[in-house]
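**Student:** Sharing a model that was predicted from the sequence below.
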Amino acid sequence: MFKKIALATALIATASFATWDYFPVQEAGKGQAEAGLYYDWDNDWSQSGIKVGARYALIQNLELSIQSFGYQFWSEVDCKGCPNGGDGLRDLTLGARYQIDPRINAFLDVNLPIGSDDDGRNGHPVSSNEVALYLGGQFSMAIPEAPGLAFGTEAGLDWGFEHDNFERGLEIHVGGEMDYTIPNVGLTPYLGLQFKLQLTESTTDDGDTGWDDAGDNQINIWLGAAYAIDPMITVKAQLIVRSGDMDGDATGLYAAADFNF
C-alpha cells in the first residue's frame, strides 16, 4: 500500500507546490494568463498533459493566482504490479502573495484535490486526494551593476493534511532563480534551483508507515528562456531535472505561452 502511495506522489510531481515566481508582485490592475504543455519521464515512468494558470494584482501589493490546474493526457509506469495514473483533470492550486516591501513577499498557496479520482483500469487517480498548504516568504532584487540581471529566493513550509488514512511528513523548500534580460532583445534566459527536505515522518492512523522517510530530500534544477514577442505575449520553454529520495528522479520539459494584460 505505502509503495503505491509513494509512487502516486511521484506521478503527480508536476502538480507539486510552486509559487508563480520568485519576483515582486505586479502593479495593481495588471495580470497574466499562461497555458503550457509538460512532459516528464525517468527510467520507470512518464506522463504528459496541459497546465494552465492566471494571476492578477487585485490591489497594490496583493496578487491572487490560479496555478497547477489543467488536464493530464496520460501517465504510465514500467513496473510489474505498479498502478498507472491514467488521464483526467489535475488538482487546483490557489495562491496569494503580498508584497511587504519592494524586495520581500509573503505567500500562501492552497492545493485543492478536485482532480480526477476515477481509478478505473489505471489503478490510480490523477488527483493527489490531499488538501495542502504551502506558506513562506520571498526575497528578490535587481543587480544595479549588471542591468537586466535579477535574482529571487524563496523559503516555505509544505504541509499536507491527512487523507485516505495517510498524512505526509512536513517539508521545507528553499529555492532561488537568476534571470538575465538581454537589453533590446526581449530574451530572458534563467536558471533556478530548489532544495526540499522532509522534516517529519509520514504517518497513518495506525502510527508511522515504517518508511522512516524523515530526512528524505530532493534537488530540482531548471534552465529556461522566455522571449517577449511583444509587450502582451511571451513564449517560454524550460528543462527541469529532479533528483533525490523524495519523489524519485525525473527529467521534464515545459513549454508555455503567456498573455500579459
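**Tutor:** Perfect, I can see it now. Residues are numbered from 1 along each chain as shown.
**Student:** And the strands in the stretch 101-250 of the chain, which stretches?
**Tutor:** Taking DSSP state E, counting those that start in this stretch as the criterion, the stretch 101-250 of the chain contains strands spanning 104-112, 132-142, 149-160, 166-167, 171-180, 187-198, 203-204, 207-208, 217-228, 233-244, 250-260.
**Student:** so which of those comes closest to Gln32?
**Tutor:** Checking these against Gln32 by CB to CB gives strand 250-260 as the closest, at 5.2 Å. Where C-beta positions appear, they are placed from N, C-alpha and C, glycine not excepted.
**Student:** looking at the strands of the stretch 101-250 of the chain, which is closest to Gln47?
**Tutor:** The closest of the strands of the stretch 101-250 of the chain to Gln47 is strand 250-260. By CB to CB, the value is 9.1 Å.
**Student:** Check the offset of that closest one from the chain's centre.
**Tutor:** Strand 250-260 has its C-alpha centroid displaced from the chain centroid by 12 Å (CA atoms, centre = their mean, to the nearest Å).
**Student:** Run me through the strand neighbours of that strand, direction for each.
**Tutor:** Partner strands and pairing direction for strand 250-260 (DSSP bridges) are strand 31-41 (antiparallel), strand 233-244 (antiparallel).
**Student:** Run through who's touching that strand.
**Tutor:** Residues outside strand 250-260 that contact it (CB atoms under 8 Å, 6 or more residues apart in numbering): 10, 13-14, 30-42, 45, 51, 224, 226, 231-242.
**Student:** Of these, just the buried ones, PyMOL syntax please.
**Tutor:** In PyMOL syntax, the buried subset of those is picked out as below (16 or more other CB atoms under 10 Å):
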select buried, resi 10+13+14+31+32+34+36+37+38+40+45+51+224+226+234+236+238+240+242
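**Student:** Roughly how far does the spatially most distant residue from the centre of the chain sit from Gly192?
**Tutor:** Most distant from the centre of the chain: Glu145, at 31.4 Å, with distances by CA atoms, centre = their mean. As defined by CB to CB, to the nearest Å, Glu145 lies at a distance of 21 Å from Gly192.
**Student:** One more: Ser48?
**Tutor:** 22 Å.
**Student:** do Pro113 as well
**Tutor:** 27 Å.
**Student:** Check Asn105 too.
**Tutor:** 16 Å.
**Student:** who has more neighbours, these two?
**Tutor:** Asn105 (25 against 21; other CB atoms under 10 Å).
**Student:** Provide a list of residues in contact with the nearest residue to that one once chain neighbours are set aside.
**Tutor:** In space, and not counting its chain neighbours, Asn105 is closest to Gln138: 4.2 Å by CB to CB, 6 or more residues apart in numbering. Neighbour list for Gln138: Thr19, Tyr22, Phe23, Arg97, Ile104, Asn105, Ala106, Phe107, Gly152, Thr153, Glu154 [criterion: CB under 8 Å, 6+ apart].
**Student:** residues touching the first one, list them.
**Tutor:** Right, the one you point to is Thr19. Gln67, Gly95, Arg97, Phe107, Asp109, Tyr134, Gln138, Glu154, Gly156.
**Student:** Looking at strand pairing, list the partners for the fifth one.
**Tutor:** Spelled out, it's Asp109. Here Asp109, judged by DSSP bridges, has bridge partners Gly95, Tyr134.
**Student:** cool, the first one as well?
**Tutor:** Listed by DSSP bridges, the beta-bridge partners for Gln67 are Thr93.
**Student:** any idea how far Lys51 is from it?
**Tutor:** Taken as CB to CB, the span from Gln67 to Lys51 is 9 Å.
**Student:** before we move on, what about the fourth one?
**Tutor:** Summarising the geometry, the distance separating Phe107 from Lys51, computed by CB to CB, is 19 Å.
**Student:** can you list residues touching both of Gln67 and Lys51?
**Tutor:** Taking CB under 8 Å, 6+ apart as the contact criterion, Gln67 and Lys51 have no common neighbours.
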